[in-house]
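Trainee: Attaching a predicted model along with its sequence, questions to come.
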Amino acid sequence: MDRITRVSIVGMGALGVLYGDFFARTLGLEQVTFLADRDRVERYRDTTVYCNGRGWKFAVCPGDEADPRGPAQLLIFAVKATALEASVPMVRNQVGKDTVILSVLNGITSEAVIGNILGMEHMLYCVAQGMDAVKLGNRLTYSHMGEICIGIPESEAEKEPLLKKVTDLFDETGLPYTREADILRRLWCKWMLNVGVNQAVMVAEGTYGTVQKPGKERHMMMDAMAEVVALAEKENIQVTGEDLQSYVDLVDTLNPEGMPSMRQDGLAHRRSEVEFFAGTVIRKAEKHGLDVPVNRELYQRITEMEKAY
């Protein structure tokens, strides 16, 4: 496979639709396929999905059925972390020797989960950041598309040709991206951001605007992020106080009426990704004997909110 001309996406949430819309506009609607379990295929078969007012009838195909055009060229996982373990084995038949896989999930564990089942040799590392997409029902709106930071760790230099295929696609279509020299640090930085903004807005039952102004919610966001900085040091990942501040600055540029994904889950009474945010912080901190009181409080409050659904 010389160049990527088709994109397969697992997950029709905010990010899945954002990238589905982008590649339908730049590669053509017929080059974008959503992969789902059979229940969802039936549910979405005749559904029009809207992105900033543009209506699309995407091809939604069973994940366990091989595509007659051949294996997936670029396979993007955009499901909730809570749905990942069920969705990875479902698409085993889509992966051929040249398939490249990206995960735009929150957290720092999805690459290993996907790679352990589908093969780490297909897996690149990326972070989707800076977007303010909100999906309510079948309508997605955003004012910032954000960018993808993409790269490979130094220890996986043999994946350079895969990385070039993907960055060539991004160059060809105009997808905003940055080639990241230390991608694991960037993954941790994005996780730090989510541990702060997702959880603080969730417990405040607010919007980005809630944490953009001075007050206890903004303090809680920054204190939760500071616990990740301390944890990163123990794990030999270079995340600093300057990184923390630059991500807080990024939050301050987002639409004040927008909401992070966890708050959107709360409004819809869906299970959130708290296990992958505060839950992971707590488990990793215990390994190192670190105290993380803010994330413990956030974990307790969010799990209590979810019990009340």
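Mentor: Right, received. Where do you want to start? Every value quoted in this text rests on a predicted model; they were computed, and no experiment measured them.

Trainee: where's residue 222 relative to residue 86, distance?
Mentor: 34 Å (Cβ to Cβ, to the nearest Å). (C-beta placed from N, C-alpha, C; glycine too.)

Trainee: ok so residue 65 is a strand residue?
Mentor: No - assigned with DSSP: H, G, I helix; E, B strand; the rest coil, residue 65 falls outside any strand and is coil.

Trainee: Check what pLDDT the residue lying closest to it once chain neighbours are set aside gets.
Mentor: Excluding the flanking residues, the one nearest residue 65 by Cβ to Cβ, 6 or more residues apart in numbering is residue 93, at 6.8 Å. On pLDDT, residue 93 comes in at 94.

Trainee: Show me which of residue 222 and residue 86 is the more surrounded one.
Mentor: residue 222 (19 against 10; other Cβ atoms under 10 Å).

Trainee: Give me the mean pLDDT for the longest helix along the chain.
Mentor: Longest helix in the chain by number of residues, with DSSP state H as the criterion: helix 183-204. Across helix 183-204, pLDDT averages out at 96.

Trainee: Stretch 111-127 too?
Mentor: The predicted model gives stretch 111-127 an average pLDDT of 96.

Trainee: What's the local residue count around residue 207?
Mentor: If you count neighbours by other Cβ under 10 Å, residue 207 ends up with 18.

Trainee: Find the nearest non-adjacent residue to the most centrally placed residue in the chain, please.
Mentor: Centroid-nearest residue in the chain, with Cα atoms, centre = their mean: residue 105, separated by 2.7 Å. Once flanking residues are discounted, residue 105 sits nearest to residue 81: 5.4 Å by Cβ to Cβ, 6+ apart.

Trainee: wait, isn't the residue nearest to residue 65 in contact with residue 61?
Mentor: No - in this structure, residue 93 is not within contact of residue 61 by Cβ atoms under 8 Å, at 10.9 Å.
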